[in-house]
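Trainee: Quick one, structure for this:
(one chain, ligands or ions: 1)
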Amino acid sequence: MEYRMLGKTGIDVSVIAMGCWALAGDEAWGPQDESDSIATVHAALDVGVNLFDTAEGYGDGRSEEVLGKALVGRRDRAIIATKVSGNHLSAEGVVLACERSLKLLRTDTIDLYQIHWPSRQIPLAETLRALQRLREQGKIRAIGVCNFGLLDLKDLVDLGGAESNQLPYSLLWRGIEHELQPRCQDVGMGILCYSPLAQGLLTGKFASPEDVPAGRARTRHFSKDRPLARHGEDGCEAETFAAIDEIRRICQRVGAPMAQAALAWLVAQDGVASVLAGARRPEQIEDNVRAAELDLPSEVIDALSAATARLKEALGANLDQYQGAATSRFR
Ligand SMILES: NC(=O)c1ccc[n+]([C@@H]2O[C@H](COP(=O)([O-])OP(=O)(O)OC[C@H]3O[C@@H](n4cnc5c(N)ncnc54)[C@H](OP(=O)(O)O)[C@@H]3O)[C@@H](O)[C@H]2O)c1
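Mentor: Numbers count the residues shown, from 1 in each chain. All right, here's what the predicted structure looks like:
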């Protein structure tokens, strides 16, 4: 496993991390067995994963609770990244949310505490002051953000910056390449890639849009007519599944499993500190970490980029996976 420093923190994180959202067993992911979750965390540690990403918002604390339980006796081997929700960003709210997360995670310090979504109500300066106080008190070690677009990033940098920006990034979701990826690099913030498998689409296990469970068929890849979609757009189902077919062909040609190739492609992109691969069973994380060992030749990386170029253009610059350009939460 390769480890990279997160921003300027001095904290080295594995290039493949475990995303813990599905451990919540919520509407997006469906029921999740606790013993599977715990076994998955243990398997991740055993194969060299040290970064675990969760959030208070995942199942209203359920994902944090399960991760905390799984790390009993193993806490020193893990870097815990969690998030404060957008509705808890007042000075008081941040402190209360942090105390609850510490309790659920059964720890006395959070390694990376991230703003889950920027707030349009609470001034960023207020939230950052509260986070800085928590860091001075040793309750958190580093401050990160998620879903900060160019304008939010500028405000953040003007106020002193943060160590990482967690963004949606995968072969099927390349919007950050337009401007945000180079900007994060310029300001020294590590990129943590979320939904790197496009929520399972890049494993190749769904043959058509109809096969994708409704909780996932709500991203802007899919038509507005899918039951849980709220983006109001036509979607890009044809381009998405054409891209998946082409990725499958390339992977067959080079003898690499699709999921691993998709993750290895991300590890090779500029500015990426770690790839947050969601997993809910041990064999998934074991599979996914093999990507860290997969040294794809540049010719294959380029072919994978070419396979998804058309989809990248069709999805445009709006980075919000779930909401259309008019109501995008990115700024
Ligand atoms: N900051 C944010 O706003 C934000 C937003 C989204 C996600 N995230 C973070 O990013 C993490 C990853 O993103 P994600 O969970 O949305 O999606 P993802 O990593 O793209 O997809 C994960 C899902 O794909 C399936 N899978 C994973 N590995 C597989 C394998 N080897 N073979 C077959 N199927 C496999 C599993 O679900 P099934 O077995 O059910 O198919 C798994 O839960 C999250 O857990 C979370 O920590 C952050």
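
Trainee: and the nearest residue to Leu294 once chain neighbours are set aside, what is it in contact with?
Mentor: In this structure, Leu294 finds its nearest non-sequential neighbour in Ala264, 4.2 Å apart by Cβ to Cβ, 6 or more residues apart in numbering. Just so you know, the C-beta spots here come from the backbone N, C-alpha and C atoms, and that holds for glycine as well. Taking Cβ atoms under 8 Å, 6 or more residues apart in numbering, we find Ala264 in contact with 256, 291-292, 294-296.

Trainee: Counting neighbours, which of these comes out on top?
Mentor: Neighbour tally across those (other Cβ atoms under 10 Å): the maximum, 24 neighbours, falls on Ala291.

Trainee: Could you double-check that it lies in contact with Leu263?
Mentor: Yes: contact criterion Cβ atoms under 8 Å: Ala291 and Leu263 qualify, at 3.5 Å.

Trainee: Can you tell me the closest non-neighbouring residue to the residue minimising distance to the centre of the chain?
Mentor: Centroid-nearest residue in the chain, with Cα atoms, centre = their mean: Tyr194, separated by 2.0 Å. Excluding the flanking residues, the one nearest Tyr194 by Cβ to Cβ, 6+ apart is Leu276, at 5.1 Å.

Trainee: you'd agree that neighbour is in a strand?
Mentor: Yes: assessed with DSSP: H, G, I helix; E, B strand; the rest coil, Leu276 lies in a strand.

Trainee: Tell me what it is bridged to.
Mentor: Assessed by DSSP bridges, Leu276 has beta-bridge partners Ala17.

Trainee: coming back round to it: got any residues that touch both of Ala291 and Leu263?
Mentor: Looking at what touches both Ala291 and Leu263 (by Cβ under 8 Å, 6+ apart), the common residues are 16, 275, 277.

Trainee: The residue nearest to the last one when sequence neighbours are not counted: how many residues sit nearby?
Mentor: With sequence-adjacent residues excluded and distances taken as Cβ to Cβ, 6+ apart, Ala277 is closest to Asn288, at 4.3 Å. Here the count is done by other Cβ under 10 Å, and Asn288 has 28 residues near it.

Trainee: I am finished for the moment; much appreciated.
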